[in-house]
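K.L.:
Quick one, what's the 3D model for this:
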Amino acid sequence: MKLTILGGGGFRVPLVHGALLGDRAEGRVTHVTLHDLDTARLDAVAGVLAEQAAGIPDAPEVTVTTDLDAAVRGADFVFSAIRVGGLEGRVADERVALDEGVLGQETVGAGGIAYGLRTVPVAVGIARRIAELAPDAWVINFTNPAGLVTEAMSRVLGDRVIGICDSPVGLGRRVARLLGVDPDEAWIDYVGLNHLGWLRALRVGGRDVLPRLLADPQALGSFEEGRLFGPEWLTSLGAIPNEYLHYYYFNREAVRAYRRAERTRGAFLLDQQAAFYADPSLKSWDRTRAEREATYMAQSRDASGAGGRDAADTESGGYEQVALALMRAIARDERATLILNVRNRTTLSVLDEDAVIEVPCLVDANGAHPCAVAPLPYHAVGLVTAVKAVEREVLAAESGSRAAAVRAFALHPLVDSVTVARRLLDGYTAAHPGLAYLNRK
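P.N.:
Below is the predicted model:
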């Protein structure tokens, strides 16, 4: 079976490769093609993968290419993890937003919109090439903003593109661990959009054990989300929000922390990864990854006084394991339940059928099928529908509509002024040549 990884020179590719090395079952991936536009990064990552595979019999063959058509032709699965504009683009996204006093995080608020505006046209172009050259391939999208990009690609590929994220997986594991439950044996009632969801129940044998955690302030305050949001707020919500909701619930504190930080997250990663790519090895990759994970969402933890991350939260086993489980379920028709980004159909009545949402799905050889979930409470409906409206404006802007791009910024809950929205778009178009497609209409 052939897997193509778009963004094959990316830092997290060895995680996916490591998961593949542990898969010895029939029908496993036997060939990996890495595609990237940066040959130096491709060579660096290929070298790390060779070190990973040393001494492992029948490790998947790895090839590299800068030719997109050659990469996707004949693929069974295409894993998309591209970063349009690189980390330099992320740094600009953060700075333009912070200069206007709004959040510049790469998937939330102004930064996420800017990232989406320059990524969607590229992702749609890739989807068209896959549809032409590998119509039977399944596309697994991890490119951020993951829900938005998955929805853009689904307009070409339909249900053959599925988005993944490690945030719900990590949240479910943390809650299950606190409750002494095997996460593989529990039903995790999680619903929302990518980076905008809530864990509402954890059922074991049909019984919801989450109320036991919500009734214990000490236990609530002992894990990542409890420290980020505070036990009182979690009890008030009656649910555990995805960590990215900290940017909505504590926006002023988050913006303040980001503005006073010595470096933005993007700037930190840019410097850190530059050091790795200058002298790549499996040892330096391991060291760099550990530092990256330990400093994840550092500004938000500073703003909330959450402190450092638990050691268990810095271990690998997130999105790469979701990707492997998804490929196994489809390729081998092994039924699995995974939290994925898929088209809504009739799952959430407040959204249309083509809106991509993040919910538990039953996966088999025919793809991912969203499971029935209880309706969203009104406070969640407000955020979900507002952010989905923003995503639709980003998609509309692909035609070159500047007006749609302005609406995307202005309608976001974390942008407080139409005037600021216009200045944001001006700032981003000046920073990113790739946004030149936005005209004055």
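
K.L.:
pLDDT weak spots in this protein?
P.N.:
Within the chain, the segments meeting pLDDT under 70 span 297-304, 306-317, 440-441.

K.L.:
per the record, what domains does it have?
P.N.:
What automatic domain parsing lists as the domains of the chain is 2-163, 168-249, 253-314.

K.L.:
At which residues are the strands of the stretch 301-441 of the chain located?
P.N.:
Applying DSSP state E, counting those that start in this stretch to the stretch 301-441 of the chain gives strands spanning 336-343, 356-364, 367-370.

K.L.:
what separates Leu340 from Gly74, distance-wise?
P.N.:
Noted for Leu340: a distance of 25 Å to Gly74, by Cβ to Cβ, to the nearest Å. Yep, even glycine has a C-beta here, placed from its N, CA and C like the rest.

K.L.:
no wait, Leu210
P.N.:
Separation of Leu210 from Gly74 (Cβ to Cβ): 45 Å.

K.L.:
Looking at the two, which one has more neighbours?
P.N.:
When Leu210 and Gly74 are compared for neighbours, Leu210 comes out ahead with 20 against 14, by other Cβ atoms under 10 Å.

K.L.:
In three-state terms, label the closest residue to the more buried one other than its chain neighbours for me.
P.N.:
Using Cβ to Cβ, 6 or more residues apart in numbering and skipping the chain neighbours, the partner closest in space to Leu210 is Leu202 (4.7 Å). What DSSP: H, G, I helix; E, B strand; the rest coil gives for Leu202 is strand.

K.L.:
what's the longest helix along the chain packed up against?
P.N.:
Secondary structure of the chain per DSSP state H: the longest helix is helix 109-133. Packing partners of helix 109-133 (3 or more Cβ pairs under 8 Å, 6 or more residues apart in numbering; DSSP states H and E): helix 68-72, strand 77-80, helix 86-99, strand 138-141, helix 146-157, helix 378-396, helix 402-411, helix 418-431.

K.L.:
So which of those is nearest Gly55?
P.N.:
Nearest to Gly55 among those is strand 77-80; the distance by Cβ to Cβ comes to 24.9 Å.

K.L.:
Okay, now the sheet partners of that closest one, with direction.
P.N.:
Strand pairing for strand 77-80, using DSSP bridges, gives strand 2-6 (parallel), strand 138-141 (parallel).

K.L.:
could I get the ones you listed as CSV with distance to Arg287 and mean neighbour count?
P.N.:
Below are these laid out as CSV (distance: least, Cβ to Cβ, whole Å; neighbours: other Cβ atoms under 10 Å):
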stretch, distance to Arg287, mean neighbour count
strand 2-6, 23, 25
strand 138-141, 28, 26
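
K.L.:
Tabulate the ones you listed (a markdown table), appending distance to Gln273.
P.N.:
Below are the strands paired with strand 77-80 laid out as a markdown table (distance: least, Cβ to Cβ, whole Å):
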| stretch | distance to Gln273 |
| --- | --- |
| strand 2-6 | 17 |
| strand 138-141 | 22 |
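
K.L.:
thinking again about what came up before, could you check the angle the longest helix of the chain makes with helix 146-157?
P.N.:
Relative orientation of helix 109-133 versus helix 146-157 (axes from the mean of the first three to the mean of the last three Cα atoms, to 10 degrees): 30 degrees.

K.L.:
Next, the buried residues of helix 109-133.
P.N.:
Neighbour counts over helix 109-133 (16 or more other Cβ atoms under 10 Å) mark 109-124, 126-127, 129-131, 133 as buried.

K.L.:
One more: stretch 78-90?
P.N.:
78-85, 87, 89-90.

K.L.:
on that earlier part again, for the residue nearest to Leu210, grab the count of nearby residues.
P.N.:
Neighbour count of Leu202, defined by other Cβ under 10 Å: 25.

K.L.:
go on, Gly18?
P.N.:
17.

K.L.:
what does the one 4 residues further on give?
P.N.:
Residues contacting Gly22 under the criterion other Cβ under 10 Å number 10.

K.L.:
For it, grab phi and psi.
P.N.:
phi -90, psi 0 (degrees, to the nearest 10).

K.L.:
Which residue ranges of the stretch 151-300 of the chain form helices?
P.N.:
Using DSSP state H, counting those that start in this stretch, the helices of the stretch 151-300 of the chain run over 167-178, 210-214, 217-220, 224-229, 231-237, 246-249, 251-260, 265-278, 282-294, 298-304.

K.L.:
which one of those lies closest to Ala323?
P.N.:
Judging the helices of the stretch 151-300 of the chain by Cβ to Cβ, what sits closest to Ala323 is helix 167-178, at 10.9 Å.

K.L.:
The closest one vs strand 336-343, what angle?
P.N.:
140 degrees.

K.L.:
Show me which positions of helix 167-178 end up buried.
P.N.:
Buried-residue list, helix 167-178, by 16+ other Cβ under 10 Å: 167-176, 178.

K.L.:
How about residues contacting that helix?
P.N.:
By Cβ atoms under 8 Å, 6 or more residues apart in numbering, the residues outside helix 167-178 that reach it are 182-183, 186, 188, 190, 195, 197, 199, 202, 210, 213, 219, 222-225, 240, 242-244, 312-313, 318-319, 321-322, 339, 358.
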